[in-house]
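A.B. asks: okay, here's the prediction I keep looking at, along with the sequence it came from:
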Amino acid sequence: MRLVVVGADGRMGRMLIRAVAQSEGCTLSAAIEREGSPALGQDAGLLAGLQPLDVPVTDDALAAFAAADGVLDFTAPAATVAFAELAAQARIVHVVGTTGLSEDDFAKLKAASYHARIVQSGNMSLGINLMAELVRRVAKALGDEFDIEISEMHHRMKVDAPSGTALMLGEAAAEGRGVDLKTVRVSTRDGHTGARRPGDIGFATLRGGSVVGDHSVIFAGTGESLTISHHAADRGLFATGAVKAALWAHPKPPGLYTMADVLGL
Ligand SMILES: NC(=O)C1=CN([C@@H]2O[C@H](COP(=O)(O)OP(=O)(O)OC[C@H]3O[C@@H](n4cnc5c(N)ncnc54)[C@H](OP(=O)(O)O)[C@@H]3O)[C@@H](O)[C@H]2O)C=CC1
Ligand SMILES: O=C(O)C1=N[C@H](C(=O)O)C[C@H](O)C1
């Protein structure tokens, strides 16, 4: 499978180049960065700390997509929406790891998925996708007398909050309870907030250092609490998951898929 990595010079972009180069069944056909990026012209392998791959970084996404079977995209929301339109035109696989997507962005991905095979997930790891399943089941079993709070910590450079993973876990909890997350989501608390509203799902965001990604879902009852946690030690695991998603989606019909589909959960 010929794969394009967009956002090639990013933290995840460099991991994705390594994952593609080290995975069987795929090759790196292009590496894309935005116009004016200092990475343009550099060899993608060297950029990722590998031997040269003879793939210079370019800003010509249209030509790259036309000559590829799939694209791995961990960039930014506006870029991802534009790449989804190009992936639809080229009828290829689009693996979307980008977080911070708005409802409008999701609607555009849905539209693109009539022609592209899109796999979108706020987290490409096996552990988090399993955790989401557990959270859904625990939320259903425990009911409203247990308050649900979700905490996450990431590195100091992260630009969106709550994390895509925290929102995914929140969606799973809300689904388990049979409610719409939008109606119970509390993402900020400051000052005299009053008592906690029964049924709310709260989010707490921490940022600092080089933390790759820590998530906990706390079910706090009276006299007891249950916490489900995940710790990501290396962002290479997200890249490996993205390559797995691309290979899985290659023979599938156009559609919008999740990592749970890929993992058969
Ligand atoms: N789903 C998952 O499992 C995971 C998701 N993520 C998500 O992936 C995204 C990227 O994270 P991270 O790698 O840390 O961020 P970085 O900022 O390090 O990387 C993003 C890269 O995308 C580039 N980019 C932005 N817009 C364009 C464009 N229009 N064309 C080409 N390149 C573009 C950026 O270039 P420039 O710097 O010039 O803007 C940058 O090189 C985030 O949304 C993050 O939350 C991260 C890890 C795991
Ligand atoms: O920006 C990151 O780094 C990460 N982003 C994803 C998120 O928003 O959940 C996944 C992972 O936790 C790392």
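C.D. replies: Structure received. Ligands and ions are numbered 1, 2, ... in the order given.
A.B. asks: so what's H154 bridging to?
C.D. replies: For H154, the beta-bridge partners are R207 (DSSP bridges).
A.B. asks: ok, it - contacts?
C.D. replies: Residues near H154 by C-beta atoms under 8 Å, 6 or more residues apart in numbering: 163, 206-207, 211-214. Glycine gets a C-beta too; all of them are placed from N, C-alpha and C.
A.B. asks: quick check: the gap between it and G208.
C.D. replies: 8 Å (C-beta to C-beta, to the nearest Å).
A.B. asks: identify the residues contacting the residue of the stretch 1-150 of the chain found nearest ligand 1.
C.D. replies: Across the stretch 1-150 of the chain, no residue is closer to ligand 1 than G10, which sits at 2.1 Å (C-beta to the nearest ligand atom). Counting by C-beta under 8 Å, 6+ apart, G10 touches 74-75.
A.B. asks: tell me the spacing between it and S225.
C.D. replies: Using C-beta to C-beta, G10 is found at 37 Å from S225.
A.B. asks: L169 too?
C.D. replies: Per C-beta to C-beta, L169 is found 16 Å from S225.
A.B. asks: show me which of those two is the more surrounded one.
C.D. replies: L169 (31 against 12; other C-beta atoms under 10 Å).
A.B. asks: A132 is in contact with the more buried one, correct?
C.D. replies: Yes: between L169 and A132 there is a contact under C-beta atoms under 8 Å: 5.8 Å.
A.B. asks: what packs against the helix ranked longest in the chain?
C.D. replies: Assignment by DSSP state H gives helix 126-142 as the longest helix of the chain. For helix 126-142, the elements it packs on are helix 164-177, strand 213-220, strand 225-232, helix 259-263, judged by 3 or more C-beta pairs under 8 Å, 6 or more residues apart in numbering; DSSP states H and E.
A.B. asks: could you dump those to TSV with distance to ligand 2 and mean pLDDT?
C.D. replies: As requested, those are exported to TSV (distance: least, C-beta to the nearest ligand atom, whole Å; pLDDT from 0 to 100):
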stretch	distance to ligand 2	mean pLDDT
helix 164-177	3	98
strand 213-220	3	98
strand 225-232	6	98
helix 259-263	11	97
